[in-house]
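# Got a sequence here, can you model it:
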Amino acid sequence: MAGRLYIGTKRYSSWSLRGWLVVKLAGLDVEDVLIPLAGGGNTTAIRSVCPNGKVPYLEHDGVQVWESLAIAEYCAEHAPGLWPAVPAARAHARAVASEMHAGFRAVRISMPMNLGRDNRPLIDATDEELAADIKRIDDIWCEARARFGGGGAYLYGANFGNADAMFAPVVARFLSYGVALSPVAAAYAQAVRAHPLVDRWYREAAAEPTAWHLERYEAVP
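Numbering: from 1, shown residues only. This is a model prediction of the structure:
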């Protein structure tokens, strides 16, 4: 193999899911190295391996790349189809992927990812910042689908690409918490969940040892 992709517990690690998806979509010949998370940034094994002390972290053909969006860009150098071919769509995809990478703090805080739990109550269903985040994400999905999504089920058509990978953990959160979405956004969420790689991640997350479960993510909510 040409390298390694370091990831965290699949049940919880939303950023690992993003990096893993783009690496698999690009077909990079790397070994997956899963490091169970200790929670709270206290996973010593990750800090000893990854330059920024976080996952995902990619080593490929002598190149080291960390941060999910940087890994997505690196993968697109090997598989250009991960970004749309049309310039306007490609610019839009890069913009929303960057917005996802940098924003939506309320979603991250109020809706931690746990692929083993459904029908979860929101910590604060009346939180205005959370409601604004959810609406903005719904709007992004609807706009991308309306402008560029013809001919397929994903944001930019038939190809599941970098932008879809960036939003895949958000889809998982929305499905887990039963978030009400517009019809277009709800259909998109179901398409992402049904993608073979996303489904594979779910199945592998379900097969992880219960010893890897963390109380902070398993306790209600």
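
# and the gap between residue 209 and residue 45?
Per C-beta to C-beta, to the nearest Å, residue 209 is found 16 Å from residue 45. Yep, even glycine has a C-beta here, placed from its N, CA and C like the rest.

# Tell me which of these two has more neighbours.
A side-by-side neighbour count of residue 209 and residue 45, using other C-beta atoms under 10 Å, places residue 45 first with 14 against 8.

# What sits closest to that one if chain neighbours are left out?
residue 35 (4.8 Å; C-beta to C-beta, 6 or more residues apart in numbering).

# Neighbours of that neighbour, how many?
By other C-beta under 10 Å, the residues close to residue 35 number 21.

# is it in a bridge, and if so with what?
residue 8 (DSSP bridges).

# can you tell me which residues contact it?
6-8, 43, 45-46, 49, 55 (C-beta atoms under 8 Å, 6 or more residues apart in numbering).

# what does residue 209 give?
Listed by C-beta under 8 Å, 6+ apart, residue 209 has no contact partners.

# In this protein, where's the longest helix?
Longest helix in the chain, counting residues (DSSP state H): helix 128-148.

# Report all helices and strands that that one contacts.
In this structure, helix 128-148 makes packing contacts with helix 87-102, helix 105-110, helix 162-177, helix 183-194, judged by 3 or more C-beta pairs under 8 Å, 6 or more residues apart in numbering; DSSP states H and E.

# which one of these lies closest to residue 217?
Within the helices and strands packed on helix 128-148, the stretch nearest residue 217 is helix 162-177; the backing value is 11.3 Å (C-beta to C-beta).

# where in the protein is pLDDT low?
Scanning the chain for pLDDT under 70 picks out 40-41, 123-125, 220-221.

# Quick check: buried residues in stretch 152-163?
For stretch 152-163, burial by neighbour count (16 or more other C-beta atoms under 10 Å) applies to 153-157, 159-163.

# how far does that stretch sit from the chain's center?
Put simply, stretch 152-163 sits 14 Å off its chain's centre (C-alpha atoms, centre = their mean, to the nearest Å).

# go on, stretch 211-218?
Centroid separation between stretch 211-218 and its chain, computed with C-alpha atoms, centre = their mean, is 20 Å.

# before we move on, what about stretch 19-36?
Computed by C-alpha atoms, centre = their mean, the separation of stretch 19-36 from the middle of its chain amounts to 13 Å.

# Going by neighbour count, which residues in that stretch are buried?
Residues of stretch 19-36 classed as buried by neighbour count (16+ other C-beta under 10 Å): 19-26, 28, 30, 32, 34-36.

# And the nearest residue to residue 53 once chain neighbours are set aside, how close does it get to residue 72?
Excluding its sequence neighbours, the residue lying closest to residue 53 (C-beta to C-beta, 6+ apart) is residue 47, at 4.1 Å. Separation of residue 47 from residue 72 (C-beta to C-beta): 23 Å.
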